[in-house]
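Asks: Here is the input, now give the coordinates:
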Amino acid sequence: MDATENFRRAKVESINTEIKSTDIDSERIRLEEKYGEVWNTNEVSNAFEIVGFMAPYVVAINRETNIKGSLEFQDNPRFYFNFRSA
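Replies: Numbering: from 1, shown residues only. This next block holds a predicted model:
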């Protein structure tokens, strides 16, 4: 177990309990209202190079700005959100 595992498990649980719908459009709207910009899997692949993964986070480099940071993600429906630069 790594030093962040307990924190990350709690964060996964928190994210999963906040999901209100499996309807993609409704869930995207909810996330946009809370976090701003939201990406689905295709969109995140176009906008970022994903260089690391430890659920519920990915380390990503913005393809346009070359800024490195992290994104959170939820599983179902899969969306990435809350970009924070490093």
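Asks: Strands of this protein, residue ranges please.
Replies: 38-39, 48-54, 57-62, 68-74, 79-85 (DSSP state E).
Asks: Show me which helix runs longest in this protein.
Replies: helix 5-18 (DSSP state H).
Asks: Determine the set of other helices and strands touching that helix.
Replies: In terms of contacts (3 or more Cβ pairs under 8 Å, 6 or more residues apart in numbering; DSSP states H and E), helix 5-18 is packed against strand 68-74. (Glycine included, C-beta is placed from N, CA and C.)
Asks: and the strand it packs on, which residues are buried?
Replies: 69, 71-74 (16 or more other Cβ atoms under 10 Å).
Asks: deepest of the strands of the chain, which one?
Replies: Across those, averaging neighbours per residue (mean count of other Cβ atoms under 10 Å) puts strand 38-39 on top, at a mean of 22.
Asks: Pull up the pairing partners for that one, direction included.
Replies: strand 79-85 (antiparallel) (DSSP bridges).
Asks: If you average the pLDDT over the strand it pairs with, what comes out?
Replies: Averaging pLDDT along strand 79-85 yields 99.
Asks: tell me how far it is from the chain's mean position?
Replies: In this view, strand 79-85 has its centroid 5 Å away from the chain centroid, taken as Cα atoms, centre = their mean, to the nearest Å.
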